[in-house]
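1. model the structure of this input:
(one chain, ligands or ions: 1)
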Amino acid sequence: MYTSRITGMGKYVPENIVTNDDLSKLMDTNDAWIQERTGIKERRHIKKGDGNSTAVMGVKAAEMALERAKISKDDIDMIVFATLSPDYYFPGCGVQVQELMGIHTCPAIDVRNQCSGFVYALSVADQFIKTGMYKNVLVIGSENHSGGLDFTTRGRSVSVIFGDGAGAAVLSRSEVEGHGILSTHLHSEGKHALELSLKGPSTNHWVPQLIEENPQEDIPYYPYMNGQFVFKNAVVRFSEVIMEGLKANNLEVSDIDMLVPHQANLRISQFIQKKFQLSDDQVYNNIQRYGNTTAASIPIALCEAWEEGKVKEGDTVVLAAFGSGFTWASAVIKW
Ligand code: UT7
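-> Predicted structure coming up:
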């Protein structure tokens, strides 16, 4: 019986810090509004010419994870890459990582599950390891949001939230029972697909068609989010999927040593913390510094929690995510 364990974590965020005050120079917003509604103080944005892209940031995070896992790139059996902001429409970022890192011709899968992307990707990797097919899988979540946001007042309810960055994990085969990824739980509800979406350019919404459909307006190739609707669904689904994970492993809320929620909005994390009566030490948040980095948010947060000694051997760690799709997911890990 094989289990899978996270043997190394890595992260990368661009050096360029963008504060709320910086954004207020571009649009009608202010530090007080952003902090009060989201908890965000600053985020990182790729700077033109700094050489970063979604795939490149993924590579930087992956290199750190490999070093910490003490394995070589030649030991990687598969790459699973989660992003909603790939460098190209096709092919996906997974093959770019394979090429940039000089990894042999292993399979590279791209996962498109937005804020739940990393937990979905972890689940894919976990299945391949548990069935005995692969030994080491590189799981990456990376986003270049800043390249595709509307930084005018029109886009302010979306663009102040998101930031760029990448996180990565090496998932490795283990034969120690009761350790590693205990279970993952994945859900989706496509009826709300357009409540948090980017319609085009796409095969249904090529630019000429977008112009034809919106002759009087700017072309809607920026993300759309029905913020309050997303928020209301998020708090319900976060709670459900955390409880589902605990129940599947006969655990109680009090067994959680560390909850790492997707960093969607600090208010959502605080709502969950209060609902489950968790202490500040039991919930990790870093949205204040990075904003919402979608598929990268959980691996960056988990990596930092581990670096700060807040996730230790034997701890019960719960990852939980909710986002566009709608999709939501959790993972229960015995570290
Ligand atoms: O990670 C994927 C999942 N995403 C989420 O979970 C996000 C969930 N939603 C949210 O986090 C929140 O809904 C937001 C942070 C996006 C928005 O907060 P809100 O409290 O729902 O604000 P709102 O959209 O209802 O807007 C309230 C007011 C509006 O003005 P009026 O109509 O009351 O005059 C907005 O125009 O705030 C205005 N507003 C802003 N003001 C200053 C919207 N964005 C901004 C802004 N700065 N950046």
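2. for Met9, what are its contacts?
-> Contact analysis of Met9 by CB atoms under 8 Å, 6 or more residues apart in numbering lists 64-65, 68, 167-170, 299, 302-303, 306-307. In short, each C-beta sits where N, CA and C put it, glycine included.
3. farthest pair within the residues you listed?
-> Val170 and Glu307 (15.3 Å; CB to CB).
4. which of those two has more neighbours?
-> Counting neighbours by other CB atoms under 10 Å for Val170 and for Glu307 shows that Val170 has the greater number, 25 against 12.
5. the helix or strand harbouring the more buried one pairs with which strands?
-> Using DSSP states H and E, Val170 sits within strand 165-174. Strands adjacent to strand 165-174 in the sheet, as given by DSSP bridges, are strand 3-12 (antiparallel), strand 136-143 (antiparallel).
6. what does the stretch 1-150 of the chain put close to the ligand?
-> Applying CB under 6 Å from any ligand atom, one finds that the stretch 1-150 of the chain approaches the ligand through 29, 33-34, 37-38, 115.
7. ok so, going back, make a markdown table out of the strands paired with strand 165-174 and add mean pLDDT and distance to Pro215.
-> Shown next, in a markdown table, are the strands paired with strand 165-174 (pLDDT from 0 to 100; distance: least, CB to CB, whole Å):
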| stretch | mean pLDDT | distance to Pro215 |
| --- | --- | --- |
| strand 3-12 | 98 | 42 |
| strand 136-143 | 98 | 32 |
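8. for Asp74, which of those is the nearest?
-> strand 136-143 (9.9 Å).
9. surely Lys275 is in contact with Glu240?
-> No: the pair Lys275 / Glu240 is not scored as a contact, 11.3 Å apart, by CB atoms under 8 Å.
10. what about these two, which has more around it?
-> When neighbours are counted by other CB under 10 Å, Glu240 comes out ahead of the other of Lys275 and Glu240, with 16 against 13.
11. give the contact list for Ile17.
-> 42-44.
12. separation between it and Cys106?
-> Ile17 sits 35 Å away from Cys106 when distances are taken as CB to CB, to the nearest Å.
13. so His145 touches Ala295, yeah?
-> No: assessed by CB under 8 Å, His145 is found out of contact with Ala295, at 10.5 Å.
14. the two: which is more packed in?
-> Applying other CB under 10 Å to His145 and Ala295 shows that Ala295 carries more neighbours, namely 34 against 26.
15. quick one on the thing from earlier: out of the contacts of Ile17, list just those in helices.
-> With helices identified by DSSP state H, none of the entries of the contacts of Ile17 belong to them.
16. secondary structure element holding Gly94?
-> Going by DSSP H and E, Gly94 is in helix 93-100.
17. so which bits of that helix are buried?
-> 93-98, 100 (16 or more other CB atoms under 10 Å).
18. lowest-confidence helix or strand of the protein?
-> When each helix and strand of the chain is scored by mean pLDDT, DSSP states H and E, helix 207-213 comes last, with a mean of 77.
19. packing partners for that one?
-> The contact analysis (3 or more CB pairs under 8 Å, 6 or more residues apart in numbering; DSSP states H and E) places helix 207-213 against no helix or strand.
20. quick check: what element follows it along the chain?
-> Past helix 207-213, the next helix or strand by DSSP H and E is strand 224-225.
21. just how off-centre is the following helix or strand past that following strand within its chain?
-> Counting by DSSP H and E, the next helix or strand C-terminal to strand 224-225 is helix 227-248. What separates the centre of helix 227-248 from the centre of its chain is 16 Å, taken as CA atoms, centre = their mean, to the nearest Å.
22. in this structure Asn52 contacts Ser142, no?
-> No: the pair Asn52 / Ser142 is not scored as a contact, 9.7 Å apart, by CB under 8 Å.
23. settle it for me: which of those two has more neighbours?
-> Each of Asn52 and Ser142 has its neighbours counted (other CB under 10 Å); Ser142 has more, 37 against 26.
24. which residues does Ala248 contact?
-> 182-183, 185, 332.
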